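Fold the following and give me the result.
(one chain, ligands or ions: 2)
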Amino acid sequence: MVRVFEAESFPPLPVFALSGRSNVGKSSLLNALLGKKVAGVSRQPGHTRTIRLYLSDKEPFYLWADLPGYGYAAVGRTQRQAWAKTTQHFLRKVQPFVWVLIDSRLPPQPIDKTWIEVLTKEGLSYGILATKADTLTQKMRYHQQKILSEAYPKAQFFTFLSARTGEGIPLLKAWITNWLRDYSSL
Ligand SMILES: Nc1nc2c(ncn2[C@@H]2O[C@H](COP(=O)(O)OP(=O)(O)OP(=O)(O)O)[C@@H](O)[C@H]2O)c(=O)[nH]1
Ligand SMILES: [Mg+2]
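Ligands and ions are numbered 1, 2, ... in the order given. Just a heads-up that it's a prediction; the model follows:
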């Protein structure tokens, strides 16, 4: 069973937030991570969402948070400001480790860099997950690996990932398990 919590009342566990541009694959990744369909894929943008937290599927226990996607051209200013406020409140209250999902096929995007500046200002650590890697040719992969890892030198972790093939997911979970071990021995 998947346990779901609202951001205002969740158990005292470390939180890993999934963030990124709209359509980058956050919900698909969350479903792949939990092995169940918990988040709507391709849902229509534009309506306010509360931030939900999901318990990891097995030990070690921690929480995943699905943050609202940024960068919808179609969304109005008021909506964007509301999301920014909800997100900032969440970041300050919960102090998550933040996964920044980026599209593995694109060059580094200014909007992702702006988001990372926000995280840095908030004093939060982050890692980069380059999604939809199943669509890359070998040659593109080599090229993108170089430019993307160079574009985000302060990231704690970088991997290619695919919700479709499962690539990168065991590695991501193993990294988190290690991180939690260090975290709990502080
Ligand atoms: N090829 C491929 N397509 C993917 C992958 N993950 C997601 N997609 C597709 O990308 C689109 C968007 O996926 P979502 O998971 O809904 O993206 P999201 O980031 O949650 O989008 P918002 O909730 O709107 O911010 C869908 O059409 C997915 O099928 C992947 O690993 N590989
Ligand atoms: Mg989504």
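
Could you say which helix or strand holds the residue nearest to G166 when sequence neighbours are not counted?
In this structure, G166 finds its nearest non-sequential neighbour in A32, 6.5 Å apart by C-beta to C-beta, 6 or more residues apart in numbering. Heads up, the C-betas are built off the backbone N, CA and C, glycines and all. Per DSSP states H and E: A32 is located in helix 26-34.

do the helix or strand hosting L53 and ligand 1 meet?
Element membership for L53 (DSSP H and E) is strand 52-55. No. Strand 52-55 is not in contact with ligand 1 by C-beta under 6 Å from any ligand atom; minimum separation 12.0 Å.

Am I right that T159 falls within a strand?
Yes. Using DSSP: H, G, I helix; E, B strand; the rest coil, the assignment for T159 is a strand.

Share the number of residues neighbouring the closest residue to it other than its chain neighbours, please.
Nearest non-adjacent residue to T159, counting by C-beta to C-beta, 6+ apart: G168, 4.6 Å away. When neighbours are counted by other C-beta atoms under 10 Å, G168 registers 21.

residues contacting G168?
Residues in contact with G168, defined by C-beta atoms under 8 Å, 6 or more residues apart in numbering, are 129, 133, 159-162.

least trustworthy helix or strand in the protein by mean pLDDT?
Sorted by mean pLDDT, DSSP states H and E, the helices and strands of the chain end with strand 4-6, the least confident at a mean of 67.

Whether whatever helix or strand V100 lives in contacts ligand 2 - can you check?
If you go by DSSP H and E, V100 is part of strand 97-103. No. Shown here: strand 97-103 not in contact with ligand 2 (C-beta under 5 Å from the ion), separated by at least 10.2 Å.

and the residue of this protein nearest ligand 2?
S27 (3.2 Å; C-beta to the ion).

Distance check, the closest residue in space to that residue that isn't next to it in sequence against L91.
Distances taken as C-beta to C-beta, 6+ apart place A39 nearest to S27, at 3.7 Å, with adjacent residues excluded. As for A39, its distance to L91 is 20 Å (criterion: C-beta to C-beta, to the nearest Å).

can you pull out the helices in the protein?
26-34, 77-94, 110-121, 138-151, 169-184 (DSSP state H).
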